[in-house]
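[1] Provide a 3D model corresponding to the input given below.
(chains A and B)
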Amino acid sequence: MTIDYHAILPVLILSGTIVIVLVTDLFLSPRHRSASMWVAFAGVLATLVAVLSLIGKGDRPGSFGGSYQVDAFTIVFQTFFMSAAAVVLLISYRYFREGGFYQGEYYFLLLTSFLGCLLMPASRDLLMLFLSLELVSAPGFLMAAFRKSDVKGNEGGLKFFLIGVLSTAVMLYGMSLIYGLTGHLQLAAVSAGLQQLSGAKETLANAAILFVVVGFAFKISAVPFQFWAPDTYEGSPVPVAAFLGVASSAAGFAGLLQLMFVAFVHEYAFWVPMFVALSLVTMTLGNLVALQQRQVVRLLAYSGIAQTGYILLPFALVSADPSINHSAFQAAVTYILIYGIMNLGAFAVTTAISSRHPLLQIQDFAGLAKRAPLLAMAMTVFMVSLAGVPPTGGFWAKLLIFQAGIQRGGVGVLLAVAMVINSVISVGYYFLIPRAMIFEDAEDQTPFRSPILVTAVVAVAMVALLVIFIVPNAIYRLGEVTSLGSGG
Amino acid sequence: MTWQNSAITITTLLPIVGALGVLLVPRGDDRLVKGIGIAITGVCLALAIAIAATYDYSATCATPPCLQFVLNVQWIPVIGARYHVGIDGISMPLYILTFLLGFLCAVYTGRYVPEPGRIKAFVALTLLLITGMAGTFVAFDLILFFVFWELVLVPMYFLIGVWGSANRQYASIKFFLYTLLGSVFMLLGFLALYFSGPVDALGKHTFDLTALTAFGAGGGYTHLFQLVVFGAIALGFAVKVPMWPFHTWLPDAHTEAPTIGSVLLAGVMLKMGTYGFVRIALPVLPQGAVAYAPWIGGLAAIAIVYAALACLAQKDLKRLIAFSSVGHMGFVMLGIATLTTIGIQAAIFGMVAHGVITGMLFFCVGSIYDRYHTRQIADIGGGMAEIMPKLSGIFAFVAIASLGLPGLAGFWGEVMALLGAFSPNTSTVAGLNVGLFRAFMIAGGIGTILTAGYFLWMLQRVNMGLAPERWRDHGLRDILTVEWVSWVPLLVLILVLGLIPSIVLNSTEQGVNLIVKIFGG
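    All right, here's what the predicted structure looks like:
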């Protein structure tokens, strides 16, 4: 077995960084523990460079018998995850330094989770997918409970752990059935193997697909497997909530995309109705419950559930027509990328606010337009973008899904109609925050100084969304090249 | 880059550049901010007039739209959207109107900055709004059209929500939700047009309005498809117009908005809806238009009468003007529903006239509020002619223009719409029911009488009589210089459009004829 070291270089660098972060923490005096962040940050940047160095070198199926592959899909998602890692690290710096946390351990856990994210898009067999997903989740259980003295933190962490383990078990059971039925682990081989099944074996295979989907549905917090998310997000440190809301769920989608558009694509007749229901219920319930929220992290959690519903929509469009599958796949990938930017931005602003207002009620944002104009302007852009209204990048993300829905026709049109109605509903809560920031006056009129690193991240995300609005070509192109799924 | 292919782009996008420039001005330099606003909108207006001056009015085409100043380049290949802008005789008056009102609003802002100040944001949002509105009239790719269309939402939301009066928060979110709900269905309709539309040699679909119009006018879409998609698209336009019963956002938005917000809302934004009917819904989906025409005409007739009755009941001056807009837009929609040349000509003339007149009325009401600090007719208590003879004279002149006095701008749109309803398009293609439309005409006629009634009653209560004691020694100042500057162009236009309506009608005639030809007229 030959190993393509260039292809796995990003994984090697990040693994090395993880070890270095853990060890350096031992030798740092308590006052300088926050330096771990810069070590981690440097490692993430080096990983990012390694990922980018793979661009234009062609597909690299070579490593580990095809279990780890590098293609456009891998590179796009790995770049996305490492950028997200850099952002989460930067917004964590002040929060963890001033919050009295174990910093070295946190950065170690965070990077380990991101290692899972890094592996996920390159994983092309069931076992690797499973390992990557667990690598994302397991440190997440600990990080979610990092506010040790907080009851909500403990509750959230425990819920996340129990449900995470349960869903893993269900998923693993499904995967074992598929292996038993087809004798293969690699996704392409599984796809071919499943096609040859008939009768009772086919029924069993469908049950196995159901188990795997349920497992992933927990990870991406799709209704009815969503109830852990708001509690866990609220209990977590805000940067961890950002990680869970963006990277962890995107990793889930990166895995799910490969399973549904490659391994299980021929069984679409069985699972598409399931995704129709999942998508509809998830977006509608997420939006309706979000309308009731007055705590910002919970609001973002329910908004995330609604957005999960939107991203599930393209899955429900899969059919025998490769061109529609291609559009659907592209829509999902593009949506995940743009959603990542706006959601990270929103969490970054929330992190900044949390230092002064730890309860994070919407009321705490009142008058921010006067106290911190840049933060307020950026948060407005993020909220408008999450609602999918021009002039922001979120509009193009939604448009691509609508377009795929109309192209599909039939149920696709119904889903698109449901999504536009949901988009309008979502304005009802997304605009609560800009309304508080701009229309209302704060009791505390003193200028609000946000940490420089957070401000920088927020400004970059805001500019990115505005630029994407004017020239969406670049990000659309990323969606287009990841043609992994076009028909399977 | 030549004048022909760059003029529209420069003129339309210049306000965005201005908005960015305004944001860079250091804090506290209000004069510079106002100056940038006036300069940018002034240059835009000059450019728009230059476009009109260099436009070739004698050029002819076989199918609508007959465009000049075209720039058609690739924009977003992945979704098949192009950057396609141009202008024809129908867009021309609306395009100029946008920049004229934008410029006058910027001048007005030089003196009147509504509470709570924040002049930078105010000017920047106004400039963004102007780009969105102007772009809608020159975009000939459906995605580009939609982007401009939606671009007005966010600025207007903040203009109402931050600088509005007491009930602003409710009004702003209501405005936003209503228009967004309409326009997302319109977007789905556009996507349906795309996927069921023409395919080029490479198998690519298109959002290009020229291609879709040729395809749709030639009967490319099935009848059932037209019924469904016309409904979806018309919903988006109807909310914007607003047609009865989708109008309920309008009185709130108008009443709460700051003066220039109301001026731009009434003067330009409502026209985006009626323009959409003329430009997209009718020519691309002619069978749908024929099927819906009686319903549109019926809703328009209801709107005319309903709005007039509602006006009679209003106690708030600004709310009264807002409801009068619903009625005037009813005449515009009635004209469109007849599917005749005279009806659609009436509609476009009505849009321009309403933009000038009602924009001016909102300026007047804004200035009245600035003096009295109340908009309640009862609190003003009459006698304005005594205290401020010039302001009350102008107010009377514009109100009378609005009720449709012959010789002023308001007259032609209404009378031509009624004439159109008297003999709607009964060709083999359209085949509208004459009796039904004559009933609409009678309703419209009753509406004009009621309109005259409520405007004259309003003038009687505001202008006439003896001024109450409390206002006499209040030092209420008559018209200021800045008001003269921003109002005179509109006052002149009201008179000129009334005396020489052909300056608009000649420009729009060819474009309208091409559209009506689709309906066999």
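[2] residue contacts, B:A81?
    Going by Cβ atoms under 8 Å, 6 or more residues apart in numbering or on different chains, B:A81 touches B:W75, B:D141, B:L142, B:I143, B:L144, B:F207. Placement of C-beta: from N, CA and C, glycine included.
[3] so what pairs up with it in the strands?
    On the basis of DSSP bridges, B:A81 is bridged to B:I76.
[4] circling back to that earlier point, and the contacts of B:A81, which is closest to A:A72?
    B:W75 (23.3 Å; Cβ to Cβ).
[5] just checking, that closest one touches B:D141?
    Yes. If you go by Cβ atoms under 8 Å, B:W75 and B:D141 touch, sitting 7.4 Å apart.
[6] let's see the pLDDT reported for the residue of chain A positioned farthest from its centre.
    Distance to the chain centre peaks in chain A at A:G199, reaching 37.3 Å (criterion: Cα atoms, centre = their mean). Looking at A:G199, its pLDDT reads 87.
[7] returning to what we had before: ranking the contacts of B:A81 by neighbours, who comes first?
    Sorting the contacts of B:A81 by how many neighbours each has (other Cβ atoms under 10 Å in any protein chain shown) puts B:L142 first, at 29 neighbours.
[8] in contact with that one, which residues are there?
    Residues near B:L142 by Cβ under 8 Å, 6+ apart: B:A81, B:F190, B:L193, B:Y194, B:F207, B:L209, B:L212, B:I280.
[9] what's the lowest-pLDDT member of those residues?
    Note: of the contacts of B:L142, the lowest pLDDT belongs to B:A81, at 90.
[10] tell me which helix or strand comes right after the worst-scoring helix or strand of chain A on mean pLDDT.
    Lowest on mean pLDDT, DSSP states H and E among the helices and strands of chain A sits strand A:60-63, with a mean of 69. Counting by DSSP states H and E, the element after strand A:60-63 in chain order, helix or strand, is strand A:68-70.
[11] that following strand packs against which elements?
    helix A:5-27, strand A:60-63 (3 or more Cβ pairs under 8 Å, 6 or more residues apart in numbering or on different chains; DSSP states H and E).
[12] any shared contact partners between B:W75 and B:D141?
    Contacts common to B:W75 and B:D141, judged by Cβ under 8 Å, 6+ apart, are B:A81, B:R82, B:Y83.
[13] return the alpha-carbon coordinates of stretch A:381-398 using CSV.
    What follows is stretch A:381-398 as a C-alpha-only set of coordinates in CSV (Å, rounded to 0.1, in the frame of the first residue of the first chain):
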residue,chain,number,x,y,z
VAL,A,381,-25.7,42.3,7.7
PHE,A,382,-25.5,38.8,9.2
MET,A,383,-29.2,38.8,10.2
VAL,A,384,-30.4,40.1,6.8
SER,A,385,-28.2,37.5,5.2
LEU,A,386,-29.6,34.7,7.3
ALA,A,387,-33.0,35.8,6.3
GLY,A,388,-31.8,35.6,2.7
VAL,A,389,-32.6,39.2,1.7
PRO,A,390,-30.4,41.3,-0.7
PRO,A,391,-28.0,43.1,-0.5
THR,A,392,-26.3,40.1,1.2
GLY,A,393,-24.7,36.8,0.2
GLY,A,394,-27.5,34.8,1.9
PHE,A,395,-29.8,35.7,-1.0
TRP,A,396,-27.7,33.8,-3.5
ALA,A,397,-27.5,30.8,-1.2
LYS,A,398,-31.3,30.6,-1.0
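[14] I would like the residues contacting it, please.
    Stretch A:381-398 is contacted by residues A:303, A:307, A:310, A:334-335, A:338-339, A:341-343, A:345-346, A:349, A:419, A:423, A:426-427, A:430-431, A:433-434, A:461-462, A:464-469, A:472, A:475-476, B:76, B:128, B:147, B:150-151, B:153-154, B:180 when judged by Cβ under 8 Å, 6+ apart.
[15] next: stretch A:360-374.
    The contact list for stretch A:360-374, computed with Cβ under 8 Å, 6+ apart, reads A:238, A:294-297, A:299, A:350, A:352-354, A:356-357, A:375-377, A:379, A:432-433, A:436-438, A:440-450, A:455, A:458-459.
[16] the stretch 1-150 of chain A: helices as residue ranges?
    A:5-27, A:35-52, A:72-98, A:103-119, A:126-144 (DSSP state H, counting those that start in this stretch).
[17] so the fourth one versus helix A:72-98, what angle?
    Right, the one you point to is helix A:103-119. 170 degrees (axes from the mean of the first three to the mean of the last three Cα atoms, to 10 degrees).
[18] quick check, central residue of the chain?
    This is for chain A. Here the mean C-alpha position of chain A is nearest to the C-alpha of A:A250 (Cα atoms, centre = their mean), at a distance of 2.6 Å.
[19] contacting residues for that residue?
    Each residue near A:A250 by Cβ under 8 Å, 6+ apart is listed here: A:F77, A:F80, A:F81, A:A84, A:C117, A:I336, A:G340.
[20] need the max-distance pair from those residues.
    Farthest apart among the contacts of A:A250 by Cβ to Cβ are A:C117 and A:I336. That separation is 12.1 Å.
[21] quick check: neighbours shared by those two?
    Common contact partners of A:C117 and A:I336 (Cβ under 8 Å, 6+ apart): A:A250, A:A254.
[22] look at the two and report which has more neighbours.
    When A:C117 and A:I336 are compared for neighbours, A:C117 comes out ahead with 28 against 22, by other Cβ under 10 Å.
[23] let me see the ranges of the helices in the stretch 251-400 of chain A.
    Assigned by DSSP H, counting those that start in this stretch, the helices in the stretch 251-400 of chain A fall at A:268-290, A:296-312, A:322-354, A:368-371, A:373-387, A:394-408.
[24] okay, now residue 90: neighbour count?
    In the absence of a named chain, this looks at chain A. A:L90 has 22 nearby residues by other Cβ under 10 Å.
[25] my question was about chain B
    Neighbour count for B:I90, taken as other Cβ under 10 Å: 28.
[26] quick one: A:S355 and A:F96 touch, right?
    No. Using Cβ under 8 Å, A:S355 is not in contact with A:F96, being 11.5 Å away.
[27] which one of the two is surrounded by more residues?
    More crowded of A:S355 and A:F96, by other Cβ under 10 Å: A:F96, with 24 against 17.
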